[in-house]
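Chemist: no sequence on this one, just coordinates:
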């Protein structure tokens with residue numbers, strides 16, 4: 001009876017302690033050490049704080065990039081090459097749900113991270129009723145006297161960068177958001193441009209000019225960007241190369257003239273470093289865009305590119321280890337990215353991804369050019385585009401004779417070209433592939449409003465160019481990769497930290513806790 005009572009008391013104590021943890025208790029124990037959940041008890045606040053957000057980048061995107069990097073070598077067994085930020089000493093996980101849904105968007109997730117408050121999808125730094133404005137950690141850092149920078153590979157008025165300086169009932173009010181940028185008094189904005197610099201109807205005062213009126217030096221060319229230094233004052237640096245959505249081109253396209261996210265981060269460090277310190281948020285926004293389009297290759301290259309920006313912060317940390325904190329996380333996962341595809345069973349072939357050297361949006365432009373040349377569903381021929389498909393994706397249509405020839409070589413283990421022949425067979429377009437591509441091509445030759453809108457077509461193409469999506473899915477599947485959606489998912493995201501207060505980011509918590517942790521560590525309120 002006594003033993004039973006002791007057991008019950010012990011169980012009750014365990015339940016109570018667990019309950020306290022999940023209802024806001026200040027500390028919890030991990031591996032015999034007590035970790036402060038949201039209150040920093042260090043003796044010194046960091047002078048320099050970096051927050052990196054990989055938009056749409058959860059563990060599958062990260063792990064796939066690491067597998068890809070390792071598999072560029074001839075490894076005989078499965079291995080990964082860790083990214084810079086996955087080697088940070090402290091790691092945790094954060095939930096991402098919004099006030100109105102388990103599957104968040106970047107506006108509500110960004111608001112949670114930047115302000116510590118849940119809101120509805122689509123809302124920028126306001127409560128769900130759209131009446132109260134929230135204050136971001138960047139605004140608090142500026143109030144403290146720190147310099148502040150906001151960098152993104154997508155348009156700087158997009159949801160994630162916007163939550164650090166703007167307050168608006170809709171993330172789609174790009175012009176109003178851009179005006180808040182110019183009034184923020186932040187020290188450095190960089191990366192993408194503005195989606196609606198003169199308003200939705202192009203009848204408003206130019207937002208770039210408004211920024212200049214408010215003391216910003218606006219630079220839009222590489223030479224001017226490279227000349228920027230600590231004496232340049234407040235800066236708004238826009239990439240000279242932008243896509244139709246005012247974002248940097250995808251990294252996979254390897255445009256040597258592009259100013260990279262790492263370049264913008266490095267320049268930000270040069271401009272922001274000062275005795276009172278700085279806070280800089282850097283977003284890798286196109287991991288998300290690649291996920292929406294189920295483009296695994298582009299997602300991997302964007303994640304690696306994002307990691308290159310983190311490397312700039314690490315280099316700075318190595319010079320100032322006693323004054324710096326770097327936190328890397330994500331706002332949500334995009335695409336339902338899965339390492340594993342039913343058609344390949346337990347096998348993956350990440351090396352095949354290297355055959356793709358173009359992003360989905362750039363290939364779509366080539367399909368549109370073919371259409372503009374007068375091609376219709378009745379006269380379009382897949383044969384016309386097969387050389388381009390082979391060049392950009394490494395996918396080749398083979399006749400029976402060629403296939404049999406390669407198969408014979410691949411079957412002979414003593415033949416020096418056996419491996420190469422085997423890989424060529426693996427990248428061959430099957431009769432089913434060709435059938436799917438031809439059906440997609442016919443849809444691509446129609447105006448968007450005339451394309452099939454049935455449930456099957458939505459699942460196949462997701463609203464993107466049909467031929468491009470058919471090719472993207474073939475590439476994904478050949479690599480052993482799958483996607484479940486063209487939207488976001490509700491899974492938790494990882495958090496990695498290095499520097500002062502790093503231990504506070506261990507454990508499992510909500511994305512709103514990131515605000516509490518970071519502001520406590522920075523000593524701002």
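Modeler: Perfect, thanks for sending it. Treat the numbers as computed from the prediction; the structure is a model and nothing was measured.
Chemist: and residue 280, that's in a strand?
Modeler: Yes - assessed by DSSP: H, G, I helix; E, B strand; the rest coil, residue 280 belongs to a strand.
Chemist: And the helices in the stretch 1-150 of the chain?
Modeler: Counting by DSSP state H, counting those that start in this stretch, the stretch 1-150 of the chain has these helices, from start to end: 2-22, 59-70, 106-115, 137-144.
Chemist: if I read this right, residue 219 contacts residue 228, doesn't it?
Modeler: Yes - contact criterion Cβ atoms under 8 Å: residue 219 and residue 228 qualify, at 6.7 Å. Placement of C-beta: from N, CA and C, glycine included.
Chemist: Could you tell me which residues touch both of the two?
Modeler: 235, 237 (Cβ atoms under 8 Å, 6 or more residues apart in numbering).
Chemist: Which of the helices of the stretch 1-150 of the chain has the lowest mean pLDDT?
Modeler: Mean pLDDT across the helices of the stretch 1-150 of the chain is lowest at helix 2-22; the value there is a mean of 42.
Chemist: helices and strands around the helix or strand residue 515 falls within, which ones?
Modeler: Taking DSSP states H and E as the criterion, residue 515 maps to helix 512-522. For helix 512-522, the packing partners by 3 or more Cβ pairs under 8 Å, 6 or more residues apart in numbering; DSSP states H and E come out as strand 48-54, helix 106-115, helix 137-144, strand 324-329.
Chemist: Distance from stretch 478-490 to the middle of the chain?
Modeler: Distance, stretch centre to chain centre, for stretch 478-490: 14 Å (Cα atoms, centre = their mean, to the nearest Å).
Chemist: Output the longest helix belonging to the chain.
Modeler: helix 296-319 (DSSP state H).
Chemist: circling back to that earlier point, for the helices and strands packed on helix 512-522, which one ends up most surrounded?
Modeler: Among the helices and strands packed on helix 512-522, helix 106-115 has the highest mean neighbour count (mean count of other Cβ atoms under 10 Å), at a mean of 29.
Chemist: what angle do that one and strand 48-54 make?
Modeler: Angle of helix 106-115 versus strand 48-54, following axes from the mean of the first three to the mean of the last three Cα atoms, to 10 degrees, is 160 degrees.
Chemist: before we move on, back to that, and residue 352, which of the helices and strands packed on helix 512-522 is closest to it?
Modeler: strand 48-54 (23.8 Å; Cβ to Cβ).
Chemist: Sheet partners, orientation included, of the closest one?
Modeler: Within its sheet, strand 48-54 is paired with strand 278-284 (parallel), strand 324-329 (parallel), according to DSSP bridges.
Chemist: List the contacts of residue 238.
Modeler: Going by Cβ under 8 Å, 6+ apart, residue 238 touches 156, 190, 191, 192, 193, 218, 219, 220.
Chemist: ok, those vs residue 392, which is closest?
Modeler: Taking Cβ to Cβ as the measure, residue 392 lies nearest residue 192 of the contacts of residue 238, at 24.8 Å.
Chemist: Which secondary structure state does the residue lying closest to that closest one once chain neighbours are set aside sit in?
Modeler: Nearest non-adjacent residue to residue 192, counting by Cβ to Cβ, 6 or more residues apart in numbering: residue 155, 4.2 Å away. Classification of residue 155 by three-state DSSP places it in coil.
Chemist: So the residue nearest to residue 325 when sequence neighbours are not counted versus residue 278, what's the distance?
Modeler: Distances taken as Cβ to Cβ, 6+ apart place residue 499 nearest to residue 325, at 3.8 Å, with adjacent residues excluded. Per Cβ to Cβ, to the nearest Å, residue 499 is found 14 Å from residue 278.
Chemist: do residue 428 as well
Modeler: 53 Å.
Chemist: more crowded one of those two?
Modeler: Taking other Cβ atoms under 10 Å, residue 428 and residue 278 do not tie; residue 278 has more neighbours (22 against 16).
Chemist: Residue 486 is in contact with residue 293, correct?
Modeler: Yes - counting by Cβ under 8 Å, residue 293 does reach residue 486; the two are 7.4 Å apart.
Chemist: shared neighbours of these two, anything?
Modeler: Common neighbours of residue 293 and residue 486 (Cβ under 8 Å, 6+ apart) are 462, 464.
Chemist: so where do the strands sit in the stretch 251-400 of the chain?
Modeler: 278-284, 324-329, 333-334, 338-339, 396-397 (DSSP state E, counting those that start in this stretch).
Chemist: Let's test this: mean pLDDT of the longest one, rounded?
Modeler: Per-residue pLDDT over strand 278-284 has a mean of 98.
Chemist: what does the fourth one give?
Modeler: For strand 338-339, the mean pLDDT works out to 97.
Chemist: Roughly how far does residue 208 sit from residue 513?
Modeler: Separation of residue 208 from residue 513 (Cβ to Cβ): 37 Å.
Chemist: Next: residue 111.
Modeler: From residue 111 to residue 513 the distance is 14 Å (Cβ to Cβ).
Chemist: likewise residue 496?
Modeler: Using Cβ to Cβ, residue 496 is found at 15 Å from residue 513.
Chemist: Look up phi and psi at the nearest residue to residue 92 once chain neighbours are set aside.
Modeler: In this structure, residue 92 finds its nearest non-sequential neighbour in residue 495, 4.4 Å apart by Cβ to Cβ, 6+ apart. The phi/psi pair for residue 495 (degrees, to the nearest 10) reads phi -130, psi 130.
Chemist: what bridges to the closest residue in space to residue 53 that isn't next to it in sequence?
Modeler: The shortest distance from residue 53 to any residue other than its chain neighbours is 4.8 Å, reached at residue 283 (Cβ to Cβ, 6+ apart). Bridge pairing for residue 283 (DSSP bridges) gives the partners residue 53, residue 152.
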